[in-house]
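Novice: Provided below are the primary sequence and the corresponding predicted coordinates.
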Amino acid sequence: MSVSAPVIIRLLASSVSVASRAGKIVRDVMSKGELGIVEKGKDDYQTEADRSAERCIIDSLSRQYPKARIIGEEDSSPNENEVSPEWIVLDADKEVLGLECPASLKGVKEEDIVVWVDPLDGTSEYTQGALMLKRDPWERWKMYLSHPFISMKWYLSLLQSNFGFLEHVTVLIGISVNDKPVGGVIHQPYFKNQAGSEVKMGRTIWGLSEAGVGGFTPAPPPESIIITTTRSHSNPVVEKALQVMNAAQILRVGGAGYKLLEGKASVYVFASPGCKKWDTCAPEAVLSAAGGKLTDILGNFYKYGANEPKPNKTGVLAAVNDELHSYALNRIPQDLKDALANK
Ligand SMILES: Nc1ncnc2c1ncn2[C@@H]1O[C@H](COP(=O)(O)O)[C@@H](O)[C@H]1OP(=O)(O)O
Ligand SMILES: [Mg+2]
Ligand SMILES: [Mg+2]
Ligand SMILES: [Mg+2]
C-alpha cells in the first residue's frame with residue numbers, strides 16, 4: 001500500500017477491501033444455515049455472521065491502524081486464537097488509494113480518528129431471509145417455530161416476498177474526525193451484479209467528504225416525495241411522524257444503510273430511539289458526500305466522538321438535499337420533537 005497517501009485515504013481504502021470480505025462471511029454463514037441467534041434485547045438480535053464479520057473488520061483495521069479508535073456494534077473482544085487468518089485483510093482498494101485527499105483532511109492523524117463498525121446492518125431481515133432459503137415448506141415451518149420473534153403476519157409477508165429481505169442487509173464502516181463522519185463504506189453482500197449470464201454477488205459504495213462518492217451513481221431524487229422508514233421497529237410515534245409528511249409513498253425497508261442507498265426514496269424518517277452511532281456514521285458520510293443531510297428529528301447533527309453516547313436517542317431524519325431535509329423537519333410537530341427530546 002502507498003504509505004505516502006494521507007491516513008484518511010488509506011483507512012477508507014482498507015475499509016472498502018475489508019467490507020467485501022465481511023460481506024462474504026455474511027453470505028457463508030447463511031449458506032451453512034447455522035445462524036447462532038442470540039437475543040441481546042427487545043427486537044435486538046445477533047447472529048454468527050454479526051460476530052464473525054465484526055472480528056474480521058476490527059482485527060484487520062486495528063492491525064493496520066492501531067492508534068485509531070475502532071468501535072463495533074457487537075463488542076466482540078479480540079482474541080487472537082479465534083480469528084481465522086483468512087479473515088485478516090491487509091490490502092486496500094486501488095481506486096480509493098488514488099483519490100486526491102481534500103485539503104481539510106490531509107493533516108488528520110491516526111489518533112484523531114474514530115471508526116464506527118456495524119458488521120451486519122439489517123439483522124432482522126437477515127434472520128428472516130434464512131427462512132426463505134428453506135425450500136422445503138416443512139423445514140421452513142420448523143425454522144419459523146425456532147424464530148419466536150417473527151410474528152405470523154411477518155411470516156406470511158415473507159412467504160410473499162420470494163427472496164426474503166436479504167437485499168436490505170449491509171456492512172457499514174464509518175470514519176469520523178472531530179465528531180463528524182467524513183468517510184463511509186456501505187457494502188451490500190446480496191447485491192446482484194449481472195455480468196452476461198453470470199451473477200456476481202456484492203457491491204461496495206464509499207463516500208469521502210469534499211471528494212464525492214464511488215461504487216454507484218446516485219439517482220436523481222423522485223419528483224414526488226417518497227419516504228423510507230423502518231419495517232421492523234415501528235411504533236405509534238414513528239407512524240405519526242410519517243403521516244404528517246404528506247408523502248406520495250412510504251417504503252418500509254430494513255437496515256439503516258439500505259435506506260440511504262435504495263435510490264427510490266428522498267427522505268428517511270425514523271422518529272424513535274433504536275438506531276446507534278454505527279448505524280448512521282457510514283450512511284451519513286456517504287449521504288453528505290453526495291449532497292444530502294442526516295440529523296436527528298430535531299434537526300441537530302449527531303456527534304461521533306468515542307465518548308459520545310451510542311444510541312441515537314432522538315431518531316433519524318435524512319434527505320438527499322437540504323431543501324427536502326428542511327421540508328421534512330418543518331412538518332414534524334413540535335410536540336413530537338419535544339416528546340423524543342425528553343424521553
Ligand atoms: N429498537 C432497535 N433495537 C436494536 N437495533 C435497532 C432498533 N431500531 C433500529 N435498530 C438498528 O437500526 C437499523 C435500522 O433500523 P430499521 O431496520 O428498523 O429501519 C436496524 O437494522 C438495526 O441495526 P442492526 O440490524 O445492525 O442491529
Ligand atoms: Mg444489531
Ligand atoms: Mg445496524
Ligand atoms: Mg448490526
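Specialist: That came in fine, so what should we check first? Ligands and ions are numbered 1, 2, ... in the order given.
Novice: for Glu125, what are its contacts?
Specialist: By C-beta atoms under 8 Å, 6 or more residues apart in numbering, the contact list for Glu125 reads 164-166, 168-169, 231-232, 254-255. The way it works is simple: take the backbone N, C-alpha and C, and place the C-beta from them, glycine included.
Novice: tell me the secondary structure for Leu90?
Specialist: coil (DSSP: H, G, I helix; E, B strand; the rest coil).
Novice: which element follows the least confident helix or strand in the chain by mean pLDDT toward the C-terminus?
Specialist: Least confident element among the helices and strands of the chain, by mean pLDDT, DSSP states H and E: helix 152-160 (a mean of 61). The helix or strand immediately downstream of helix 152-160 is strand 170-177, counting by DSSP states H and E.
Novice: Now do the strands in the protein.
Specialist: With DSSP state E as the criterion, the chain has strands at 38-41, 44-46, 69-72, 113-121, 170-177, 180-195, 198-208, 212-214, 226-229, 249-252, 267-270, 293-295, 316-319.
Novice: got TSV for these, with mean pLDDT and mean neighbour count too?
Specialist: Below are the strands of the chain laid out as TSV (pLDDT from 0 to 100; neighbours: other C-beta atoms under 10 Å):
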stretch	mean pLDDT	mean neighbour count
strand 38-41	87	11
strand 44-46	90	18
strand 69-72	98	19
strand 113-121	98	27
strand 170-177	98	30
strand 180-195	94	23
strand 198-208	94	19
strand 212-214	96	18
strand 226-229	95	22
strand 249-252	93	14
strand 267-270	97	26
strand 293-295	98	22
strand 316-319	97	25
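Novice: Distance to ligand 3 added to those, as CSV?
Specialist: Output for these, formatted as CSV (distance: least, C-beta to the ion, whole Å):
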stretch, distance to ligand 3
strand 38-41, 12
strand 44-46, 10
strand 69-72, 11
strand 113-121, 4
strand 170-177, 7
strand 180-195, 11
strand 198-208, 16
strand 212-214, 20
strand 226-229, 15
strand 249-252, 16
strand 267-270, 12
strand 293-295, 14
strand 316-319, 11
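Novice: Nearest to Ala328, out of these?
Specialist: Of all the strands of the chain, strand 267-270 sits nearest to Ala328, with 5.0 Å by C-beta to C-beta.
Novice: got the residues of the protein near ligand 4?
Specialist: 73, 118, 120-121 (C-beta under 5 Å from the ion).
Novice: if you set the cut-off to 8 Å instead, what comes out?
Specialist: Proximity of the chain to ligand 4 (C-beta under 8 Å from the ion) is limited to residues 46, 50, 73-74, 118-123, 172, 278-279.
Novice: and those near ligand 1, which?
Specialist: With C-beta under 6 Å from any ligand atom as the criterion, the residues of the chain next to ligand 4 include 73, 118, 121-123, 279 near ligand 1.
Novice: Could I get the contacting residues of the closest residue to Asn235 other than its chain neighbours?
Specialist: Distance criterion C-beta to C-beta, 6 or more residues apart in numbering; nearest residue to Asn235, sequence neighbours excluded, is Ser272 at 6.0 Å. Residues in contact with Ser272 (C-beta under 8 Å, 6+ apart) are 230, 233-235, 237-238, 315, 340.
Novice: and those, which are buried?
Specialist: Using 16 or more other C-beta atoms under 10 Å as the burial test, the contacts of Ser272 include 230, 233, 237-238, 315, 340 as buried.
Novice: quick check, nearest of those residues to Leu35?
Specialist: Each of the buried ones among the contacts of Ser272 was checked against Leu35 using C-beta to C-beta; the closest is His233, at 19.8 Å.
Novice: For that closest one, give me the pLDDT.
Specialist: According to the prediction, His233 has pLDDT 91.
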